[in-house]
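Asks: sequence isn't available, so here's the structure alone:
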């Protein structure tokens with residue numbers, strides 16, 4: 001399972017990375033620790049970050065980047081991990097076991113009853129048990145904190161369930177690898193399936209959103225993020241160039257995703273989508289919201305080693321531009337976890353013009369702003385907007401361009417102008 005996934009990632013990068021456009025957005029993510037090929041990550045009851053690896057070990061990392069590794073006896077590595085109702089962490093082991101680790105590092109393992117179960121992700125249910133997917137056995141499994149198993153076969157044959165999460169309705173929600181279906185299972189074992197519209201493709205991850213719905217990115221050929229209510233109503237939002245591997249609800253009230261093309265992405269519940277390149281130049285794999293207002297994500301195959309864990313304060317501008325009748329309209333979905341300075345510049349072929357620089361309070365969930373500027377027709381114009389600390393360090397930026405009609409600067413000339421201006425510090 002691990003080998004095939006790694007090969008798939010390498011193939012995907014070779015096919016897709018060259019197709020990505022020049023990326024002019026930025027988020028200040030810092031790679032804190034190099035660790036052996038980390039998989040899934042979550043926050044433990046001790047407020048530390050806990051993660052599985054592709055080897056038989058579970059890792060713990062403090063917010064300062066100090067890592068402790070706890071090994072266990074198994075022939076393969078771990079997959080999903082979650083905080084349990086008993087004050088311990090519970091995780092899946094690819095070879096067919098469920099593991100439990102205390103915050104002191106004591107590990108106990110339980111063999112899944114089904115043969116070739118291949119447990120994937122795991123979530124704590126509203127019934128105080130742990131629920132997990134069995135991709136090899138086409139089942140959803142349940143284990144109590146005392147180690148008692150129950151398994152539920154799924155209606156869709158050969159569907160290979162993967163990611164499972166606790167929903168806001170007390171049920172568990174999950175996705176299939178080989179079927180365009182979202183599944184729901186109650187804590188009594190009743191399964192309901194919701195077929196996705198054809199143009200959505202299949203889901204690759206799922207998370208409970210801040211709005212009481214479930215959100216899921218779709219497969220690599222589609223570039224869409226879907227939303228499903230607890231009654232099964234599905235809607236969709238465009239996420240261009242997205243090659244997602246995981247999704248989580250962020251501390252700022254937006255959805256955050258990892259993109260195996262080397263990005264972390266932000267989607268607000270109103271559909272504003274932004275992607276940021278990551279610091280370690282690896283393959284972002286799993287993301288979680290930390291207890292400190294930051295996002296934490298694992299990266300595989302980094303230049304520094306086999307993997308790393310990075311953190312970034314949740315921050316986003318969600319800017320989009322439109323132009324008509326001599327007016328440039330700027331729409332924002334701004335969120336930031338700490339007080340900041342919000343600055344913007346108008347970029348034209350003649351240089352940069354400051355638009356504003358003003359303090360903003362910590363703002364979450366995302367707040368929408370619409371601002372207008374009178375701008376004569378002059379070809380392409382751009383806006384660079386940034387949120388920065390009191391010391392002047394950029395936390396996140398967004399740079400967008402729009403055509404105003406008429407003759408003027410090309411898009412490439414605007415990019416060169418930003419670099420010449422010295423504002424390139426705000427860009428990757």
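Replies: Happy to help now that I have it. All values derive from a computational prediction rather than experimental measurement.
Asks: what's the neighbour count on residue 96?
Replies: Close neighbours of residue 96, defined as other CB atoms under 10 Å, add up to 22. Just so you know, the C-beta spots here come from the backbone N, C-alpha and C atoms, and that holds for glycine as well.
Asks: per-residue pLDDT, it?
Replies: On the pLDDT scale, residue 96 is placed at 96.
Asks: pull out the buried residues from the longest strand seen in the chain.
Replies: Determined from DSSP state E, the single longest strand within the chain is strand 363-374. Using 16 or more other CB atoms under 10 Å as the test for burial, strand 363-374 gives 363, 364, 366, 369, 373.
Asks: and residue 286, bridged to which residues?
Replies: residue 298 (DSSP bridges).
Asks: so who does it touch?
Replies: Residues in contact with residue 286, defined by CB atoms under 8 Å, 6 or more residues apart in numbering, are 38, 39, 40, 41, 51, 245, 246, 258, 297, 298.
Asks: nearest residue to the second one other than its sequence neighbours?
Replies: It refers to residue 39. Once flanking residues are discounted, residue 39 sits nearest to residue 52: 4.4 Å by CB to CB, 6 or more residues apart in numbering.
Asks: host element of the one you found?
Replies: Assigned by DSSP states H and E, residue 52 belongs to strand 49-53.
Asks: distance from that strand to the middle of the chain?
Replies: Between the centre of strand 49-53 and the centre of its host chain there is 16 Å, according to CA atoms, centre = their mean, to the nearest Å.
Asks: just stretch 67-78 next, same as before
Replies: Taking CA atoms, centre = their mean, the mean C-alpha location of stretch 67-78 is offset from the chain mean by 24 Å.
Asks: ends of it, what's the gap?
Replies: Taking CA to CA, to the nearest Å, the first and last residues of stretch 67-78 lie 17 Å apart.
Asks: which strands and helices sit next to the helix or strand hosting residue 296?
Replies: Residue 296 is located in strand 294-300, with elements delineated by DSSP H and E. Contacts defined by 3 or more CB pairs under 8 Å, 6 or more residues apart in numbering; DSSP states H and E place strand 294-300 against strand 38-43, strand 283-289, strand 307-313.
Asks: can you add mean pLDDT and distance to residue 323 and give the ones you listed back as TSV?
Replies: Below are the helices and strands packed on strand 294-300 laid out as TSV (pLDDT from 0 to 100; distance: least, CB to CB, whole Å):
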stretch	mean pLDDT	distance to residue 323
strand 38-43	96	42
strand 283-289	95	34
strand 307-313	91	32
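Asks: list the contacts of residue 198.
Replies: Residue 198 makes contacts with residue 180, as judged by CB under 8 Å, 6+ apart.
Asks: list phi and psi for it.
Replies: Torsion angles at residue 198 (phi, psi; degrees, to the nearest 10) stand at phi -50, psi -40.
Asks: if we can go back for a sec, name every strand pairing with the longest strand of the chain and say which way it goes.
Replies: Strand 363-374 sits in its sheet next to strand 327-336 (antiparallel), going by DSSP bridges.
Asks: picking up where we left off before, can I get the helices and strands packed on strand 294-300 in CSV with distance to residue 25?
Replies: Shown next, in CSV, are these (distance: least, CB to CB, whole Å):
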stretch, distance to residue 25
strand 38-43, 23
strand 283-289, 15
strand 307-313, 13
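Asks: indicate which one of those is closest to residue 137.
Replies: strand 38-43 (20.0 Å; CB to CB).
Asks: residue ranges with poor pLDDT in the protein?
Replies: Within the chain, the stretches with pLDDT under 70 are 1-24, 220-221, 280, 304-305, 424-428.
Asks: middle-most residue in it, spatially?
Replies: Nearest to the mean C-alpha position of the chain, counting by CA atoms, centre = their mean, stands residue 257 at 1.7 Å.
Asks: and the end-to-end length of stretch 194-214?
Replies: Its start and end residues considered, stretch 194-214 measures 12 Å (CA to CA).
Asks: report the buried residues of it.
Replies: Applying a neighbour-count criterion of 16+ other CB under 10 Å, one finds 194, 196, 200-211, 213-214 buried in stretch 194-214.
Asks: report the distance from it to the chain centre.
Replies: Chain-centre distance of stretch 194-214: 14 Å, with CA atoms, centre = their mean.
Asks: ditto for stretch 400-409
Replies: 33 Å.
Asks: contact partners of that stretch?
Replies: For stretch 400-409, the external contacting residues (CB under 8 Å, 6+ apart) are 319-323, 328, 348-349, 375-383, 411, 414, 417.
Asks: what about burial for these, which qualify?
Replies: Among the contacts of stretch 400-409, those classed as buried by 16+ other CB under 10 Å are 319-321, 323, 328, 348, 375, 378-383, 414, 417.
Asks: mind checking which of these land in helices?
Replies: Using DSSP state H, the subset of those located in helices is 414, 417.
Asks: farthest-apart pair in the buried ones among the contacts of stretch 400-409, please.
Replies: The largest separation in the buried ones among the contacts of stretch 400-409, counting by CB to CB, is between 320 and 417 at 20.9 Å.
Asks: quick one: the helices in the stretch 1-150 of the chain?
Replies: Taking DSSP state H, counting those that start in this stretch, the helices of the stretch 1-150 of the chain run over residues 2-16.
Asks: you'd agree residue 201 is up against residue 218?
Replies: Yes: assessed by CB atoms under 8 Å, residue 201 is found in contact with residue 218 at 4.4 Å.
Asks: now the common contact residues for these two.
Replies: Residues touching both residue 201 and residue 218 (CB under 8 Å, 6+ apart) are residue 224.
Asks: need the contact list for residue 97.
Replies: Neighbouring residues of residue 97 by CB under 8 Å, 6+ apart: 74, 109, 110, 111, 112, 119.
Asks: now, of those residues, which are buried?
Replies: Neighbour-count burial (16+ other CB under 10 Å) applied to those gives 74, 109, 110, 112, 119.
Asks: next up, the contacts around the first one.
Replies: With contacts taken as CB under 8 Å, 6+ apart, residue 74 has the following neighbours: 56, 93, 95, 97, 109.
Asks: between those, which is closest to residue 333?
Replies: Looking across the contacts of residue 74 and measuring by CB to CB, the closest to residue 333 is residue 93, at 39.9 Å.
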